[in-house]
Structure formats: C-alpha cells, structure tokens
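Student: generate coordinates for the sequence data below:
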Amino acid sequence: MIIDCHGHLGAPAELYVYANHLLNTRGEEGRGRAMISDERMEELAQSNLRIMDRVGTDFRITSPRPYLMHSERPVKIIAWWVQAVNNAIAQQVKLHPDRFAGLGGLPQVSGEPVTLALDEVDRCAELGLAGVSVNPDPGEGDNATPTMADEYWYPLYERCQALDMPILVHSASCRVHQRESYTEHFITEESIATLSLCKSTVFEDFPRLKIVMSHGGGSVPYQIGRHRSLMLRRGSRFDDALRKMYFDTVILSESGLNTLFTEVGPDRCLFGTEKPGIGSSTDPDTKEDYDDVKPKIERLGWLTDEQKRAIYEGNARRVFTRLKLPAAK
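Tutor: Numbers count the residues shown, from 1 in each chain. Take a look at the predicted model:
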C-alpha cells in the first residue's frame, strides 16, 4: 500500500469566496458560512483520485493549503476560516474514507498565544482528523513567533500528545520583507524548526509527541556535517536528536531523496508527494513529473524491500495511529 502523507485540499471556489467575505468585512457582518455541496466536493475529490490512481497512490492524508490568512486580523476571522477549511477536509474524507484522511489547520496568529489553537485541536479530533498542520511562522516573516523549541509552544505540544494528534510542520508565505516566495520560505522555516527542536528538550518533555517535518526537513539533511560538528562541541550527537522527528519525502529529486534516506534513515521517513502542487511539471530530460516520487525511490537500489515498505506505509501507520486505514496489501 502507498500512503501519501502530504497532500493539500483542492477546494471549490465557494470556499475562497468565503475567505474574501471574511477579508473584506473583517468579520463585521458575522462569520457567514461556506456553502459547499457534497456534489461540488465530489468533483474535486474525483480529480485527486484520478491523479492518485495514475501514480499508484492508495491513500492520501489531506491538509490545508498552507499560505492563506495566517497573518490577517482580527483573530476571529482566522478562527472562522480555519474551521471552514477543516470542515471541508472532513467533508471530503467522509465522501471517500477508504482513500482520504485529513489533517486540520489551526488558528495561529502572530503575537497571540498558541492557546488560541487548542479548541480547534480538540475539534479536529472530534471530526476524526488524524493530526494537525502547524505553521512555525504564523507572522510570515515578522520575527514575532518564538522557534519551536520555546515554551510558547508547550500548551500545543501537551494537547497534541494527550490526544495522539501528530503535528505536520508546514510553513506558509513570507510577507513582511518579501525576500522569499512561499516555496522558498517553506525551506527556511522548516530548517529553523528542525534545528531548534534538535537543540531543545521538547522530546524529553513530551516523549510521546510525534512531529513530521515537511519537505524533508528543509536544508538540514543536506548540511548535516555542520550541525553534527556544532552539536558535538556542545557534548551531544546531532543524529540522536534528529531521529526523534519524522520527515516526509517531498524532495522531488532522486539525489535529494538519496541524501534524506542516507542521513535520516528510512525508518524516519514518510512517503509524501504534495501532488498536485509546485512539483507538478514535467522534467524535460526524464519526461517524468518532478512530484512523481515513487519511481525516484524505486531507482535507489540500496533500499531493501523492508525499508521501502516502511517509507510507503509502515511509518505512516506508526505515526498516524488515530487513522482507520485500510488493511495492508
């Protein structure tokens, strides 16, 4: 079985009309409602299912598109928007529970405590979602949110550990200085998040907390020698800290995947493609889509069948234990 742990909600126009309503009124006309029929959601589900079938994906975990509204005000419109998105994810999952599961977004606002998100963590669990997606930089470049090593995040970690809700760390846009596009900011913030957690006591303080780092941990596996050397000077081993987290395979190059598996280990990697997404264009040399990740993994001849099974499904089953996944094939 192939379980893709990293896909984003393809939502109908009605959801984005609702976003525009919230942004334009700033909540002064009330929360309103995103009216999405099952028929409209089914159209988008079928589009995703056709892609999944074409590339051999059996099951996909869907999370919110990451770059919408984190840094807006007032706080209430963020909460309303996140609830609407999570409802849409749950609606799609309900239509095809044998093919989809969901991760919920959280109402994160720069300068506000992370406790704003706790009620929505609870609601995600009630909706039957498998975990939550967390933006390490909700201010989108404003430097107002502490790194994920900071006790600022501890109420969220405590709640997620208690509910067995894994966290997928996924950054969003960079608005303040406009130095990076959203896809570049992903790598910056996910690198910072990975390194900060490696230098922290988070996993000692929350030993059952499960964190999956998007996009293979940003730049970290590819600059690992620097981090090994620095932590050794401080009397600890970087690899021991790194392997307390999990990493998806949204790398989109064979050489990058080889580095990820070599440095992190296949037992800490979850298959993910983010397809359709930024990688859904065709390599002119290979005629293969960049986000066709499975063929790239298959060409790494040193991986054993057992290691590939772990990447494709075993690690996802181990991390996302709240899922009611189909039986292993």
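
Student: could you use CA atoms for every contact and neighbour count after this?
Tutor: OK.

Student: quick one, strands of the stretch 1-150 of the chain?
Tutor: 3-8, 59-63, 100-104, 131-134 (DSSP state E, counting those that start in this stretch).

Student: quick one: strands adjacent to the last one?
Tutor: Strand 131-134 has the following sheet partners, assigned by DSSP bridges: strand 100-104 (parallel), strand 167-169 (parallel).

Student: need the contact list for residue 105.
Tutor: Applying CA atoms under 8 Å, 6 or more residues apart in numbering, we find residue 105 in contact with 63-64, 82, 85-86, 132-134.

Student: same question, residue 60
Tutor: 3-7, 99-101.

Student: max pairwise distance over these: which two?
Tutor: The largest separation in the contacts of residue 60, counting by CA to CA, is between 6 and 99 at 13.5 Å.

Student: who has more neighbours, the two?
Tutor: residue 6 (24 against 20; other CA atoms under 10 Å).

Student: distance check, that one against residue 155.
Tutor: Applying CA to CA, to the nearest Å, the value for residue 6 to residue 155 is 25 Å.

Student: residue 276 now?
Tutor: Distance from residue 276 to residue 155, by CA to CA: 33 Å.

Student: would a markdown table of the strands of the stretch 1-150 of the chain with distance to residue 14 and mean pLDDT be doable?
Tutor: As requested, the strands of the stretch 1-150 of the chain are exported to a markdown table (distance: least, CA to CA, whole Å; pLDDT from 0 to 100):
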| stretch | distance to residue 14 | mean pLDDT |
| --- | --- | --- |
| strand 3-8 | 17 | 96 |
| strand 59-63 | 18 | 97 |
| strand 100-104 | 19 | 97 |
| strand 131-134 | 22 | 98 |
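
Student: format these as a markdown table; extra columns: distance to residue 121.
Tutor: As requested, those are exported to a markdown table (distance: least, CA to CA, whole Å):
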| stretch | distance to residue 121 |
| --- | --- |
| strand 3-8 | 18 |
| strand 59-63 | 14 |
| strand 100-104 | 8 |
| strand 131-134 | 7 |
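
Student: return the most buried member of the ones you listed.
Tutor: Between the strands of the stretch 1-150 of the chain, strand 100-104 has the highest mean count of neighbours, a mean of 28, where neighbours are mean count of other CA atoms under 10 Å.

Student: who touches that one?
Tutor: 59-64, 86, 89-90, 92-93, 121, 124, 129-133, 323.

Student: quick one: pLDDT of residue 225?
Tutor: Looking at residue 225, its pLDDT stands at 95.

Student: what's next to the host helix or strand of it, contact-wise?
Tutor: Using DSSP states H and E, residue 225 falls within helix 224-233. For helix 224-233, the surrounding residues in contact (CA under 8 Å, 6+ apart) are 237-239, 263.

Student: which one of those residues is nearest residue 177?
Tutor: Closest to residue 177, out of all of those and judged by CA to CA, is residue 238, at 31.6 Å.

Student: count of neighbours near residue 88?
Tutor: Neighbours around residue 88, by other CA under 10 Å: 26.

Student: from residue 193, how far out is residue 237?
Tutor: Residue 237 is 18 Å from residue 193, where distance means CA to CA.

Student: when the two are compared, which one has more neighbours?
Tutor: Using other CA under 10 Å as the criterion, residue 237 and residue 193 rank with residue 193 on top: 25 against 16.

Student: isn't the more buried one right up against residue 148?
Tutor: Yes: assessed by CA atoms under 8 Å, residue 193 is found in contact with residue 148 at 5.7 Å.

Student: show me the helices in the stretch 201-329 of the chain, by range?
Tutor: For the stretch 201-329 of the chain, applying DSSP state H, counting those that start in this stretch gives helices covering 202-205, 224-233, 238-242, 254-264, 293-298, 305-309, 315-319.

Student: in JSON lines: those, plus mean neighbour count.
Tutor: JSON lines is the format used below for the helices of the stretch 201-329 of the chain (neighbours: other CA atoms under 10 Å):
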{"stretch": "helix 202-205", "mean neighbour count": "15"}
{"stretch": "helix 224-233", "mean neighbour count": "13"}
{"stretch": "helix 238-242", "mean neighbour count": "17"}
{"stretch": "helix 254-264", "mean neighbour count": "18"}
{"stretch": "helix 293-298", "mean neighbour count": "18"}
{"stretch": "helix 305-309", "mean neighbour count": "15"}
{"stretch": "helix 315-319", "mean neighbour count": "19"}
